[in-house]
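*Asks:* Build me a model from this:
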Amino acid sequence: HNTILVNGKEQKPRVPGGDGKMTGYFDSPNFGYVSGDASNPKIYMGELKRFDRDILFLKPDFVAVYDRLAADKPSKFQWLMHSHSAKPMDYAAGKFSFERPLARMSGVMLLPEKFTGSVAPSYSPEVGPVLGYSETKNPDPQPEWTLTVENADAAKETEFLSVMQIARAREVCNAEWRKA
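*Replies:* Take a look at the predicted model:
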């Protein structure tokens, strides 16, 4: 899954009234679209004044995620993508990929124009359940990795735009990603 951190702070889980909302939805045989607003002050403890996310699914294999973020003070925004596999990111080109036994994904970060990034272990199955998310141990635990993309300079506003191609493991992700 994917989410946003603000100055290293995550969403506050399970806060009464701290909910985002869907602001748009459309589905058809060729594409699907959903938009949401997670700017409710209870979600990020007042750190964000704007968090709009649009997701476009061009069926069957392309997904675009567009986030528009704003804070009252210059901030570092971190865009996260969690996976059970780790591959280094090509930071100069903004390219990333993940592979699993049955599926693969390749993608590119188009915004922000200047960013820093990392791929690092984020969850060890030996730790056990994650507080607030699970009360039981997973019968087939797997390590988790996190791709983090951060705006290079603190700013009051930033945008993240990523485009990803999804394929079965035996298929090739053959989209050619280029920044204009």
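
*Asks:* Tell me the secondary structure at the residue nearest to Asp52 when sequence neighbours are not counted.
*Replies:* In this structure, Asp52 finds its nearest non-sequential neighbour in Arg68, 4.6 Å apart by CB to CB, 6 or more residues apart in numbering. (Each C-beta comes from the backbone N, C-alpha and C, glycine too.) Per DSSP: H, G, I helix; E, B strand; the rest coil, the secondary structure class of Arg68 is strand.

*Asks:* The worst-scoring helix or strand of the chain on mean pLDDT - which strands sit beside it in the sheet, and in what orientation?
*Replies:* When each helix and strand of the chain is scored by mean pLDDT, DSSP states H and E, strand 115-123 comes last, with a mean of 81. Using DSSP bridges, strand 115-123 pairs in its sheet with strand 144-151 (antiparallel).

*Asks:* Any buried residues in the partner strand, and which?
*Replies:* Neighbour-count burial for strand 144-151, counted by 16 or more other CB atoms under 10 Å, picks out 144-151.

*Asks:* Count residues in the vicinity of the residue lying closest to Lys49 once chain neighbours are set aside, would you?
*Replies:* Counting by CB to CB, 6+ apart, Ala70 is the residue found nearest to Lys49 once chain neighbours are left out, at 5.2 Å. Other residues lying near Ala70 total 17 when counted by other CB atoms under 10 Å.

*Asks:* Low-confidence bits of this protein, can you list those?
*Replies:* In the predicted model of the chain, residues 1-2, 123-141, 177-180 satisfy pLDDT under 70.

*Asks:* which residues of it fall in strands?
*Replies:* 2-6, 21-27, 31-37, 50-58, 62-75, 77-83, 95-99, 103-111, 115-123, 144-151, 155-168 (DSSP state E).

*Asks:* May I see the buried residues of the fourth one?
*Replies:* Looking back up the chat, that one is strand 50-58. 51-54, 56-57.

*Asks:* what's that strand in contact with?
*Replies:* With CB atoms under 8 Å, 6 or more residues apart in numbering as the test, strand 50-58 has contacts from 4, 20, 23-24, 30-39, 43-44, 63-70, 157.

*Asks:* what lines up beside it in the sheet?
*Replies:* strand 31-37 (antiparallel), strand 62-75 (antiparallel).

*Asks:* Wait, Thr3 touches Pro13, no?
*Replies:* No - at 11.1 Å, Thr3 does not count as touching Pro13 under the criterion of CB atoms under 8 Å.
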